[in-house]
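Chemist: predicted model and sequence follow; I will ask about them next.
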Amino acid sequence: MQFKHPEILYFLFLLVIPVLVHLFQLRRFKKEYFTNVKLLKELSIQSRKSASIKKYLLLATRLLLLTALIIAFAQPFFEAKDSQSKNNELFIIVDNSFSMQAKGQKGELLKRAVQDLLAHTPEALPISVVTNSDDFWNTNITAIEKDLQKLSYSPIPFSLENALLKVKSHNSNQGKDILIITDGIGLDTKSLEQLPENTKTYFVVPKAENRENITIDSVFLAQTLDNFYEVGVQVSSNFQAEKSIPVAMYNQDKLIAKAIMKLNQSKQVLTFTIPKNDFNGYISLNDNSLLFDNTFYFQLSKPEVIPVLSIGAPEKANFLSRLYTQPEFKYINTTLQSLNYSDLAKQQTIILNELESIPLAMHTNLKQFVDKGGNLIVIPSEKNDLSNLNSFLNNFGKIQLTAVQSQEKKITKINFSNPLFANVFEKKISNFQYPTTQQQFGWQTAAPQAISYEDQTAFLATVYKNSGALYLFSAPINKQNSNFQNSPLIVPTFYKMGINKNKNGVQYETIGSGESVFVTTKASKDEVISIQSAEEDFIPMQQIMDDKVKITSGDYPHKAGNYTLIQNKKAIGSLSFNFDRKESQLTETDLEIPKTASTVDSVENFYNTLQVERTDTQIWKWFLILTLIFIIAEIFIQKFIK
């Protein structure tokens with residue numbers, strides 16, 4: 001037990017007063033003689049014993065009364081379990097990503113969490129609130145009440161790591177408490193390991209009652225006919241029972257096609273056939289779970305001929321001429337000696353086909369070509385000057401090849417998650433006719449693999465730079481070294497490398513992806529290109545590159561939709577933006593909270609926990625009650641004990 005005012009305990013010396021009064025309160029008894037002395041003597045003895053007991057009871061009562069009163073004024077208390085943290089700063093991290101749109105027992109998870117914060121957070125408590133999109137520092141719940149009520153869902157997936165970095169950057173000499181409100185979707189063990197060790201961290205994990213959801217994953221060009229497009233729509237669902245939903249396609253705001261889709265698999269494709277005209281619209285479906293992934297915006301434009309330039313010996317380029325055919329491609333092969341460097345910038349795809357050496361003058365040109373959105377395919381030669389080749393590859397990152405290895409290797413694995421093979425295969429192929437190579441370079445790079453050998457090393461690696469791409473083979477693919485040219489895999493591989501990011505096909509951007517778009521237009525340094533719709537208008541980051549402008553929209557726009565590019569008050573193009581689908585999967589989360597953190601059921605219980613753990617137990621009231629009890633006891637003693 002501790003005392004708030006221990007100096008008052010000095011008054012306990014006053015306990016001497018009742019003792020002194022008791023000791024010196026001596027009364028002399030007078031003797032009176034009567035005839036019946038025996039009877040009077042007996043009564044006198046009884047009176048003396050009763051009076052002595054009464055005096056001792058009164059003394060004890062008064063001593064206890066005075067002691068309890070003095071202790072009460074000293075304000076005794078029991079120190080709280082976590083009293084050292086009572087002055088900690090409170091940081092509240094709120095996940096307002098789209099998965100928090102799911103419905104729990106009392107409505108949408110995010111809205112319910114905000115209401116709980118407003119209802120249970122003390123008005124005068126200093127707090128800081130961090131969300132995916134907005135931050136509120138050194139404030140209180142009353143000051144930000146309206147802002148929290150207007151808090152909308154963010155297209156940025158929840159990142160605990162980023163939120164903790166914001167909290168960490170907020171320097172303070174005080175201790176910190178962190179309350180994290182999230183449904184747990186997107187959290188992994190790595191992000192949970194970032195929790196600060198010397199900080200009190202609490203999790204409130206609201207649960208969705210209904211986890212069934214339907215989402216439009218992607219839209220792609222399934223087939224191009226003479227007068228029509230076949231547009232594929234990939235839909236994901238997690239329904240246990242079969243269900244039918246209507247799916248509609250709109251060009252601008254005009255309905256042009258509608259179909260009923262039966263959902264009986266986790267992933268299905270629905271195909272629409274539309275006229276071969278420019279298209280700028282969207283596809284939508286009806287689902288009452290998450291709403292953000294029910295609409296997918298995209299555009300189609302008239303096919304443009306894709307220029308492809310191959311540099312190398314003509315006899316080694318015969319297979320390329322059979323892959324890149326008219327009218328879709330304009331294919332040209334040239335030797336290194338007859339190359340016109342001014343033609344490089346006019347191409348969409350350039351292939352370095354087994355060049356023994358890459359001239360230094362070409363290094364800079366090809367780097368700029370990729371930076372402007374071009375596709376570069378590098379097929380090495382077994383006679384390559386390794387230092388020259390690695391010097392060239394350094395322009396695209398830390399990519400290094402090692403000496404040629406002379407051993408047969410089987411090509412056995414396709415990385416279906418690599419963007420190169422997106423929407424190429426209807427199902428994953430694990431058993432196919434394995435091509436082989438006789439000689440291949442070793443690897444010293446962490447570049448993503450598109451196709452791999454049986455020993456897990458890369459046969460084809462991909463490096464994406466802004467809107468451009470580098471595709472690097474680890475081995476020559478001429479017929480003397482490999483039978484890859486005879487494999488069915490060569491067709492989709494080279495076709496996708498040739499058209500990557502080309503305007504042909506379905507075009508759309510993902511909000512928050514950070515990818516750049518190249519717009520073909522001439523602009524001066526003072527000109528600004530803006531992106532507009534009926535609901536939103538913003539100016540993206542832009543960089544002028546000769547006859548193109550590189551545009552990076554970052555985390556904008558805030559809403560998915562079809563937007564118009566405006567230059568000098570004139571429309572010069574259009575872009576379609578969609579939200580990231582990462583949070584569409586409402587899977588059951590089983591967070592393994594580290595020992596340094598705690599889980600509480602609700603915001604109310606969080607504050608109750610702090611109250612219990614950090615509030616001292618005041619017991620001075622009990623001593624006042626004891627004082628009253630002793631006063632009453634003295635009254636009863638005076639009245640009833642003779």
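Modeler: All right, it came through fine. Note that the structure is predicted; figures quoted are calculated from it, not measured.

Chemist: strands along the stretch 201-350 of the chain, start to end?
Modeler: Ranges of strands in the stretch 201-350 of the chain, per DSSP state E, counting those that start in this stretch, are 214-224, 228-237, 243-251, 254-263, 267-275, 279-285, 295-300, 306-311, 329-334, 349-353.

Chemist: please work out which of those strands is packed deepest.
Modeler: Highest mean neighbour count of the strands of the stretch 201-350 of the chain: strand 349-353, a mean of 24 (counted as mean count of other C-beta atoms under 10 Å). Just so you know, the C-beta spots here come from the backbone N, C-alpha and C atoms, and that holds for glycine as well.

Chemist: so residue 92 sits against residue 182, correct?
Modeler: No: checked against C-beta atoms under 8 Å, the pair residue 92 and residue 182 is beyond contact range at 11.3 Å.

Chemist: just put the strands of the stretch 201-350 of the chain in CSV and tack on mean pLDDT and distance to residue 609.
Modeler: Listed next are the strands of the stretch 201-350 of the chain as CSV, based on pLDDT from 0 to 100; distance: least, C-beta to C-beta, whole Å:
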stretch, mean pLDDT, distance to residue 609
strand 214-224, 87, 37
strand 228-237, 90, 39
strand 243-251, 92, 42
strand 254-263, 91, 43
strand 267-275, 90, 43
strand 279-285, 94, 43
strand 295-300, 94, 42
strand 306-311, 93, 63
strand 329-334, 93, 66
strand 349-353, 94, 61
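
Chemist: compare those and give me the one nearest residue 559.
Modeler: With C-beta to C-beta as the criterion, residue 559 lies closest to strand 295-300 of these, at 10.2 Å.

Chemist: what's the closest one packed up against?
Modeler: Counting contacts by 3 or more C-beta pairs under 8 Å, 6 or more residues apart in numbering; DSSP states H and E, the secondary-structure elements packed against strand 295-300 are strand 214-224, strand 228-237, strand 279-285, strand 561-567, strand 570-578.

Chemist: go again using 7 Å as the cut-off
Modeler: strand 214-224, strand 279-285, strand 570-578 (3 or more C-beta pairs under 7 Å, 6 or more residues apart in numbering; DSSP states H and E).

Chemist: closest one to residue 469 among the ones you listed?
Modeler: In this view, these are compared for proximity to residue 469 by C-beta to C-beta, and strand 214-224 is the closest at 18.0 Å.

Chemist: so that closest one versus strand 267-275, what angle?
Modeler: For the pair strand 214-224 and strand 267-275, the angle between their directions (axes from the mean of the first three to the mean of the last three C-alpha atoms, to 10 degrees) equals 50 degrees.

Chemist: neighbouring strands - and their directions - for strand 214-224?
Modeler: In the sheet, strand 214-224 lines up against strand 228-237 (antiparallel) (DSSP bridges).

Chemist: what residues does the partner strand touch?
Modeler: Applying C-beta atoms under 7 Å, 6 or more residues apart in numbering, the external contacts of strand 228-237 come out as 214-223, 247, 261, 263, 266-276, 283, 300, 506, 584.

Chemist: got the CA coordinates for it in CSV?
Modeler: Extracted in CSV, the C-alpha atoms of strand 228-237 (Å, rounded to 0.1, in the frame of the first residue of the first chain):
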residue,chain,number,x,y,z
PHE,A,228,-15.7,-8.9,-84.1
TYR,A,229,-13.8,-9.1,-80.8
GLU,A,230,-14.3,-11.9,-78.3
VAL,A,231,-13.8,-10.4,-74.9
GLY,A,232,-13.1,-12.7,-72.0
VAL,A,233,-14.3,-11.8,-68.5
GLN,A,234,-12.7,-13.8,-65.6
VAL,A,235,-14.9,-14.0,-62.5
SER,A,236,-13.9,-15.4,-59.1
SER,A,237,-16.3,-16.5,-56.4
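
Chemist: before we move on, back to that, how about the strands of the stretch 201-350 of the chain in JSON lines, adding distance to residue 58?
Modeler: Listed next are those as JSON lines, based on distance: least, C-beta to C-beta, whole Å:
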{"stretch": "strand 214-224", "distance to residue 58": "84"}
{"stretch": "strand 228-237", "distance to residue 58": "85"}
{"stretch": "strand 243-251", "distance to residue 58": "86"}
{"stretch": "strand 254-263", "distance to residue 58": "88"}
{"stretch": "strand 267-275", "distance to residue 58": "90"}
{"stretch": "strand 279-285", "distance to residue 58": "89"}
{"stretch": "strand 295-300", "distance to residue 58": "87"}
{"stretch": "strand 306-311", "distance to residue 58": "110"}
{"stretch": "strand 329-334", "distance to residue 58": "114"}
{"stretch": "strand 349-353", "distance to residue 58": "108"}
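
Chemist: ok, which of the ones you listed comes nearest residue 539?
Modeler: By C-beta to C-beta (comparing all of the strands of the stretch 201-350 of the chain), the closest turns out to be strand 295-300, at 20.5 Å.

Chemist: how about the helices of the stretch 1-150 of the chain, start to end?
Modeler: Per DSSP state H, counting those that start in this stretch, the stretch 1-150 of the chain carries helices over the ranges 16-24, 37-73, 109-120, 145-149.

Chemist: list the buried residues in the helix or strand hosting residue 633.
Modeler: Assessed by DSSP states H and E, residue 633 sits inside helix 620-640. Neighbour-count burial for helix 620-640 flags 620, 623, 626, 627, 630, 633, 634, 637 (criterion: 16 or more other C-beta atoms under 10 Å).

Chemist: quick check: closest non-adjacent residue to the last one.
Modeler: In other words, residue 637. Nearest residue to residue 637 in three dimensions, chain neighbours excluded: residue 57, at 5.1 Å (C-beta to C-beta, 6 or more residues apart in numbering).

Chemist: outline the domain layout of this protein.
Modeler: 2-79+619-640, 83-210+586-615, 216-302, 306-493, 509-578 (automatic domain parsing).

Chemist: same list (those) but as JSON lines, adding distance to residue 499.
Modeler: Formatted as JSON lines, the entries for those read as follows, by distance: least, C-beta to C-beta, whole Å:
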{"stretch": "domain 2-79+619-640", "distance to residue 499": "71"}
{"stretch": "domain 83-210+586-615", "distance to residue 499": "28"}
{"stretch": "domain 216-302", "distance to residue 499": "10"}
{"stretch": "domain 306-493", "distance to residue 499": "6"}
{"stretch": "domain 509-578", "distance to residue 499": "15"}
